[in-house]
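> only geometry, no sequence info:
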């Protein structure tokens, strides 16, 4: 198996983060713990979570700009390396880790991905990634009801105390 085309990360770079768990050639294989197949699967799974969050932020996925891909590769490599340490009894996902607390691996990885995407969103745009939608695109407004009759806003300016309105465009 190889990584899916929409995945980030590189098993060789992950092995470089955790060389003690790779083979003598500094690679994962069928005899390592975890196996190459498991490491590739984790890359694909974390990448899918990343792509889901990127899509929610309006980005075209997968990312294609070289710098953007490097940013995501590094993140996936780091997260998967932590999983490799965890299955071998160490690191932040190991059985004695106090970092994850009562959260499971999924919740920790989800929080990591969310924070990472939120922190990188502007940089990804500046790198040249395509944003095809904006969160504001998801706001819907109705001016008619199901019968086609005009509707009025639930909240009107008068409801908030006063008739005074400042037109900021003219002042």
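That came through fine. Only a predicted model underlies this, so the values are computations on that prediction, with no experimental measurement involved.

> now the residue positioned nearest the centre of the chain. Nearest residue, chain neighbours left out?
Nearest to the mean C-alpha position of the chain, counting by C-alpha atoms, centre = their mean, stands residue 50 at 3.2 Å. Leaving out its chain neighbours, the residue that sits closest to residue 50 by C-beta to C-beta, 6 or more residues apart in numbering is residue 113, at 5.6 Å. Using the backbone N, CA and C atoms, a C-beta is placed for each residue, glycine as well.

> and residue 87, by the same measure?
Using C-beta to C-beta, 6+ apart, the closest residue to residue 87 is residue 34 (5.5 Å).

> surely the one you found is in a helix?
No - judged by DSSP: H, G, I helix; E, B strand; the rest coil, residue 34 forms no part of a helix; its state is coil.

> residues contacting residue 72?
Applying C-beta atoms under 8 Å, 6 or more residues apart in numbering, we find residue 72 in contact with 8-9, 47, 50, 63.

> what's the neighbour count on residue 79?
Residue 79 has 28 neighbours, counted by other C-beta atoms under 10 Å.

> and residue 36, by the same measure?
19.

> cool, residue 22 as well?
Residues within reach of residue 22, counting by other C-beta under 10 Å, total 21.

> and the gap between it and residue 96?
23 Å (C-beta to C-beta, to the nearest Å).

> just to revisit the earlier point, quick check: the residue nearest to the centre of the chain touching residue 76?
Yes - in this structure residue 50 lies within contact range of residue 76 using C-beta atoms under 8 Å: 7.2 Å.

> ok, back up a step: would you reformat the contacts of residue 72 as a markdown table and include secondary structure and distance to residue 17?
Below are the contacts of residue 72 laid out as a markdown table (DSSP: H, G, I helix; E, B strand; the rest coil; distance: C-beta to C-beta, whole Å):
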| residue | secondary structure | distance to residue 17 |
| --- | --- | --- |
| 8 | coil | 15 |
| 9 | coil | 11 |
| 47 | helix | 17 |
| 50 | helix | 18 |
| 63 | coil | 21 |
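
> could you single out the nearest of these to residue 86?
Taking C-beta to C-beta as the measure, residue 86 lies nearest residue 9 of the contacts of residue 72, at 16.3 Å.

> quick one: contacts for that closest one?
Contacts of residue 9 (C-beta under 8 Å, 6+ apart): 3, 43, 46-47, 72-73, 76-77, 80.

> follow-up on the earlier one: give me the common contacts of residue 50 and residue 76.
With C-beta under 8 Å, 6+ apart as the test, residue 50 and residue 76 both reach residue 8.
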